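> starting from these lines, generate the structure:
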Amino acid sequence: MIFTGYAIPAVNCVSSSGINACLEAARRNDAPIIIQFSSGGSQFYGGKGLDNTNYRAAIAGAVSGAFHVRTMAEQYGVPVILHTDHCAKKLLPWVDGLVAASERYFEQHGEPLFSSHMIDLSEEPIEENIEICKDYLARMSKMGILLEMELGITGGEEDGVDNSDRPVEDLYSKPEEIYQVYEELQKISPLFTVAAAFGNVHGVYSPGNVKLEPKILDRAQAYISEKLGANAPEDKKPVMFVFHGGSGSDVSDIQEAIGYGVIKMNIDTDTQWSYWEGIKNFEAKYHDYLQGQIGNPEGPDKPNKKYYDPRECMRAAEVNTVARLEQSFADLKCQNVLGLGETTPAGNVLGPRRGGLPV
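Predicted coordinates for the structure are as follows:
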């Protein structure tokens with residue numbers, strides 16, 4: 001693997017609005033993007049009113065989101081990797097349904113519906129983790145689907161999984177373990193990445209409170225390259241790493257990790273906040289116009305429809321998220337890599353019936 005010197009942001013999405021913000025940000029930054037769904041996010045996308053027995057709603061929601069991404073990415077003109085996030089052992093039926101959907105899609109179109117899936121068996125014994133991942137990699141690689149596996153524990157809490165109380169030693173992977181994974185999965189296919197633990201923590205923390213040790217990745221690359229000998233790649237980076245739990249990390253740590261072979265960084269907590277912050281700021285700006293359908297500072301009979309139209313606050317959320325993602329693209333050195341040129345302002349943009357608001 002020859003590394004490009006940048007990592008791609010991977011953003012968890014729970015709505016078509018969030019997806020559109022990601023696509024807009026990718027086009028503005030002239031860069032690829034990874035759009036990913038968690039099991040809970042997939043269920044939300046499908047609708048919380050649906051029964052989720054056997055993960056039916058989560059499967060349908062992720063498939064629906066995938067088709068939305070495929071339809072709109074073509075319009076934005078940016079390459080998108082469609083990914084699913086953490087899948088613990090109990091959630092494997094969810095990924096089974098999505099792999100089956102890709103197999104059906106592959107039969108008709110010659111390519112899978114999804115680009116990659118994460119199997120997170122980091123809480124299981126490493127031997128079991130590897131064996132199950134090998135089974136999925138064998139099935140998925142036939143269609144060109146990449147497998148992301150987790151080794152070690154990402155601290156903190158995300159999407160109902162709480163690792164806040166795990167021993168600190170679980171937050172750091174060992175080079176020998178990473179080599180064990182590499183050696184076994186490489187026998188099946190090179191289409192895999194490793195989410196190794198180097199102090200990563202899900203959630204948001206003040207800068208400096210996340211104790212990352214990116215050099216763990218460097219030591220692992222050197223260790224595996226030594227094991228491979230003459231078969232090691234020229235750049236001595238045989239493993240493609242994934243960075244989980246990056247909120248609150250110093251940019252220097254992020255970019256150091258990229259230098260050691262990180263090609264993907266997950267972003268969830270920060271974009272959850274940016275989306276909400278956009279709505280919060282919109283409400284603060286137009287507060288007096290959002291207290292009833294009729295009546296505002298301009299007069300007791302003045303209508304407020306153009307203020308409470310959901311498109312207005314949602315667009316404010318999107319604009320704020322696009323701005324936050326620009327920071328992520330910059331941190332990951334993932335800007336101006338496609339050669340698409342600058343974007344032009346959108347034309348024929350239809351607003352609410354009474355005219356759009358400046359957001």
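> helix or strand with the lowest mean pLDDT in this structure?
strand 161-162 (a mean of 47; mean pLDDT, DSSP states H and E).
> against which helices or strands is the helix or strand just after that one packed?
Proceeding N to C from strand 161-162, the next assigned helix or strand is helix 175-186, under DSSP states H and E. With contacts taken as 3 or more C-beta pairs under 8 Å, 6 or more residues apart in numbering; DSSP states H and E, helix 175-186 sits against helix 126-141, strand 146-151, strand 192-196, helix 215-228. Quick note: C-beta positions are derived from backbone N, CA and C, even for glycine.
> to G246, which of these lies closest?
Proximity to G246 (C-beta to C-beta) singles out strand 192-196 among these, at 11.6 Å.
> report the buried residues of that closest one.
F192, T193, V194, A195, A196 (16 or more other C-beta atoms under 10 Å).
> likewise for stretch 41-57?
G41, S42, Q43, F44, Y45, G46, N52, Y55, R56, A57.
> so the last one versus F106, what's the distance?
So that's A57. 24 Å (C-beta to C-beta, to the nearest Å).
> which outside residues touch the host helix or strand of A316?
Using DSSP H and E, A316 falls within helix 310-331. Here helix 310-331 makes contact (C-beta atoms under 8 Å, 6 or more residues apart in numbering) with 9, 11, 17-18, 20-22, 24-25, 28-29, 31, 251, 254-255, 265, 267, 270-271, 273-279, 281-283, 306, 335, 351-352, 356-357, 359.
> counting only helices, which of those make the cut?
17-18, 20-22, 24-25, 28, 251, 254-255, 270-271, 273-279, 281-283, 306 (DSSP state H).
> is it possible to mark the buried ones in those residues?
For the ones in helices among the contacts of helix 310-331, buried by 16+ other C-beta under 10 Å: 17-18, 20-22, 24-25, 28, 254-255, 270-271, 273-275, 277-278, 281-282, 306.
> sorry, back to before: what's the closest of the helices and strands packed on helix 175-186 to V242?
strand 192-196 (4.2 Å).
> what inclination does that closest one have with respect to strand 146-151?
Put simply, strand 192-196 runs at 20 degrees to strand 146-151, going by axes from the mean of the first three to the mean of the last three C-alpha atoms, to 10 degrees.
> how much does strand 192-196 deviate in direction from helix 215-228?
Using the same axes, to 10 degrees: strand 192-196 against helix 215-228 is 130 degrees.
> what is strand 192-196 packed up against?
strand 146-151, helix 175-186, helix 215-228, strand 241-243.
> looking at these, which is buried most?
Mean neighbours per residue, mean count of other C-beta atoms under 10 Å, is largest over those for strand 241-243, with a mean of 26.
> hmm, who's touching that strand?
Counting by C-beta under 8 Å, 6+ apart, 7, 10, 148, 193-196, 200, 217, 254, 257, 260-266 sit against strand 241-243.
> circling back: out of the buried residues of stretch 41-57, list just those in helices.
G41, S42, Q43, F44, Y45, G46, R56, A57.
> L113 contacts A101, doesn't it?
Yes: contact criterion C-beta atoms under 8 Å: L113 and A101 qualify, at 5.3 Å.
> looking at the two, which one has more neighbours?
L113 (24 against 18; other C-beta atoms under 10 Å).
> where in the stretch 1-150 of the chain is pLDDT low?
Across the stretch 1-150 of the chain, the ranges flagged by pLDDT under 70 are 1-2.
> now do 90
1-4 (pLDDT under 90).
> again, but for the stretch 251-359 of the chain
If you take pLDDT under 90 as the line, the stretch 251-359 of the chain has these spans: 341-359.
> quick revisit: between L113 and A101, which contacts overlap?
V63, A66.
> for the host helix or strand of G295, which strands pair with it and how are they oriented?
Taking DSSP H and E as the criterion, G295 maps to strand 294-296. Looking at strand 294-296 with DSSP bridges, its partner strands are strand 299-303 (antiparallel).
> please state the offset of the strand it pairs with from the chain centre?
Remark: strand 299-303 is offset 44 Å from the chain centroid, using C-alpha atoms, centre = their mean, to the nearest Å.
> what residues sit buried inside that strand?
P303.
> same question for stretch 55-66.
So, applying 16+ other C-beta under 10 Å, buried residues of stretch 55-66: Y55, R56, A57, A58, I59, A60, G61, A62, V63, S64, G65, A66.
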